[in-house]
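can't give you the sequence, but here's the structure:
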């Protein structure tokens, strides 16, 4: 087991893995790429999507007020769409993590903890 | 006089007895659970992290219970009831924000920290200065939030009970404070988590009941509901369009962008939320719990739309503002109306039920805040700064319990003294500080190798002080009719929300502070360790 640097851990002391070596390994590189290539662009995208909504609400009131169905206008559709995209991204990320991240992370963790 | 007080006088205090009974049942039941959890709290991991034994669903419920404050439940419903669409617009930032927690923060935090936000912030840095900064920021954010809840609780519960006068209000603040201290000191994280789970269930059931009744009244036709709300509000179609609140001037529009930024980036930097990720066995479960939270919180905000527009459709604007000018009692008033009106048993029962839910909401949130601030004091400041990592686990937990009592006492005293001041802005300020001080430091720590101690200190203190400084000179503190100090005017900063300036500043200072000082991790060993651990969970507690 690895202990925290501040030494406050109750883990038994043991040999520390060479984290630099692990970090530079191809296996870890794949895991990091799989995490970041999903999380970073999706974060940027949903922030832009949210502020598009805020800016349209602020500065395009007439457009947002256009009625779509009965009393439901574009502003409501846009607002509900924010809920939908949030739910979808959460579901999509979990699927991605289960398919691309969990096994890779578990394999590295097992190797490091098992070897120490 | 407000209408609830008059009603309680006319209705011979029937609903008041019921409310007090429900309050007492909730307090007794949750204290029972707290004592039960306290018996199972043996070591520091139990106290700070509930033994890391909760499931993803349980923690998702508790996160929701921790996050959905009276400000979201009553505040957003009231805002929609009075300002229509803009209340809905406001609620969305609180939900979207969870994606940052999900994608960037929850899992690495769970993998690399133990008990507090400071664990992760100080991981690669010089312990004492960064722990001090992290502890300061945690305590400031939590106290701001706590104070807003306490003052709100006093006013709100007094209103719901029909208690007038300062003595009654102060007694309620003391009661809320004492119960929250008991939850935290006896039950620790386990007890607090159970209180938050119970509260989340009550809140969802209560809101669902009113939503179903409202929708049923309008034949399950949302368009009819919206139309009735627009007509009854007296504002017509504009009630269903953005702009009534945030679109009135150029300044108010920019102010809303600033608020939106703080909401979206602040949630993943709120210490009382972050420590919830430590209560599950692994990062994978932390991810599941955030997913549950997103589902529960999302459905809840969708229901507040029905609540808010339902109140606008069924109550007159005057009824709502006469009871509370900010609309905070719109949801309870709606419950009374939909149950059959003021003089009916159904109305009294639903009013009592929703009031009890509001009370439970306040208690669960203040307990979470007290726990977060006392944990950080004990673990970051006492154990790692004052005792330099030499404190025994028992001493640390004892310090946390003492800190909870002290913070609770301070909150009670401040809550009483601030009782007459308008401190609702403190919630938005807490989000702004979290987004300006905590989030930049957290993200740089996890993802930027060159980040160092000076960068951490600059981003934490820079984000913290700039937010507080700008708000101090903003219209919410002085120079406006609704200001905290309405009699004086030293305002020069035009926005009520500092995020637009302080958030970029926090990020900029973190970067600048790092590149202007030496690279502390030239060989990259520390960053390699954090990166590997945060992504794989190697050596996770």
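Here it is on my side, so go on. Note that this is a predicted model, so its numbers are computed, not measured. Numbering: from 1, shown residues only, chains lettered A, B, ... in the order given.

quick one: residue B:195 and residue B:364 touch, right?
Yes - the criterion here is C-beta atoms under 8 Å, and residue B:195 meets it with residue B:364 at 5.1 Å. From N, CA and C alone the C-beta is placed, and that goes for glycine too.

Spell out which residues of the stretch 51-200 of chain B are next to chain A.
B:85, B:88-89, B:92-93, B:95-96, B:98-100, B:102-104, B:114, B:119, B:122-123, B:127 (C-beta under 8 Å from any C-beta of the partner chain).

now, which of the residues you listed lie within helices?
Among those, the members falling in helices (DSSP state H) are B:85, B:88, B:89, B:92, B:93, B:95, B:96, B:98, B:99, B:100, B:119, B:127.

Scan those and report the most crowded one.
The member of those surrounded by the most neighbours (other C-beta atoms under 10 Å in any protein chain shown) is residue B:85, with 31 neighbours in all.

Can you give me the distance of that residue to residue B:533?
Separation of residue B:85 from residue B:533 (C-beta to C-beta, to the nearest Å) stands at 45 Å.

Same question for residue A:53.
For residue A:53 relative to residue B:533 (C-beta to C-beta), the value is 37 Å.

And residue B:541, by the same measure?
Using C-beta to C-beta, one gets 11 Å for the distance from residue B:541 to residue B:533.

Over to residue B:432?
Relative to residue B:533, and taking C-beta to C-beta, residue B:432 is found at 31 Å.

show me where chain A has helices.
Here chain A has its helices, by DSSP H, at A:19-24, A:26-59, A:61-64, A:74-96, A:102-115.

could I get the ones you listed as TSV with mean pLDDT?
Formatted as TSV, those follow (pLDDT from 0 to 100):
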stretch	mean pLDDT
helix A:19-24	95
helix A:26-59	97
helix A:61-64	94
helix A:74-96	98
helix A:102-115	91
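
can you pull the buried residues of stretch B:490-505?
Neighbour counts over stretch B:490-505 (16 or more other C-beta atoms under 10 Å in any protein chain shown) mark B:491, B:493, B:495, B:496, B:497, B:498, B:499, B:500, B:501, B:502, B:503, B:505 as buried.

Repeat that for stretch B:20-33.
Within stretch B:20-33, the residues that qualify as buried by neighbour count (16+ other C-beta under 10 Å) are B:22, B:23, B:26, B:27, B:30, B:31, B:33.

Skipping its backbone neighbours, what lies nearest the last one in space?
So the one you mean is residue B:33. Leaving aside its chain neighbours, residue B:33 sits nearest to residue B:194 (4.8 Å; criterion: C-beta to C-beta, 6 or more residues apart in numbering or on different chains).

and that neighbour, what helix or strand is that in?
Here residue B:194, judged by DSSP states H and E, is contained in helix B:166-217.

Quick check: what element follows that helix along the chain?
Counting by DSSP H and E, the next helix or strand C-terminal to helix B:166-217 is helix B:222-233.

is that following helix anywhere near chain A?
Yes - judged by C-beta under 8 Å from any C-beta, helix B:222-233 comes into contact with chain A at B:222, B:223, B:224, B:226, B:227, B:230.

what's the neighbour count on the residue lying closest to residue B:272 once chain neighbours are set aside?
Nearest non-adjacent residue to residue B:272, counting by C-beta to C-beta, 6+ apart: residue B:372, 3.7 Å away. Residues lying near residue B:372 (other C-beta under 10 Å) number 30.

pretty sure residue B:372 contacts residue B:135?
No - assessed by C-beta under 8 Å, residue B:372 is found out of contact with residue B:135, at 10.9 Å.

now the helices: where do they sit in the stretch 351-500 of chain B?
Along the stretch 351-500 of chain B, counting by DSSP state H, counting those that start in this stretch, helices occupy B:393-417, B:425-433, B:439-447, B:453-472, B:499-515.

Enumerate the positions of the longest one that are buried.
By that I understand helix B:393-417. B:396-397, B:399-401, B:403-404, B:407-408, B:411-412, B:414-416.

and stretch B:210-229, how far apart are its ends?
16 Å (C-alpha to C-alpha, to the nearest Å).

correction: stretch B:385-401
Stretch B:385-401: ends 18 Å apart by C-alpha to C-alpha.

got it, and stretch B:509-524?
End residues of stretch B:509-524 are separated by 22 Å (C-alpha to C-alpha).

same deal with stretch B:237-244?
Start-to-end span of stretch B:237-244 (C-alpha to C-alpha) is 11 Å.

What is the burial count for the closest residue to residue B:264 other than its chain neighbours?
Leaving aside its sequence neighbours, residue B:264 sits nearest to residue B:97 (C-beta to C-beta, 6+ apart; 4.7 Å). With neighbours defined by other C-beta under 10 Å, the count for residue B:97 comes to 29.

now residue B:515
12.

next one: residue B:177
Using other C-beta under 10 Å: residue B:177 sits among 25 other residues.

what's the answer for the one 5 residues further on, then?
Neighbour count for residue B:182, taken as other C-beta under 10 Å: 21.

again, but for residue B:147
Residues lying near residue B:147 (other C-beta under 10 Å) number 22.

Against residue B:387, how distant is it?
Note on residue B:147: its distance to residue B:387, by C-beta to C-beta, is 29 Å.

got it, and residue A:32?
For residue A:32, the distance to residue B:387 - C-beta to C-beta - is 36 Å.
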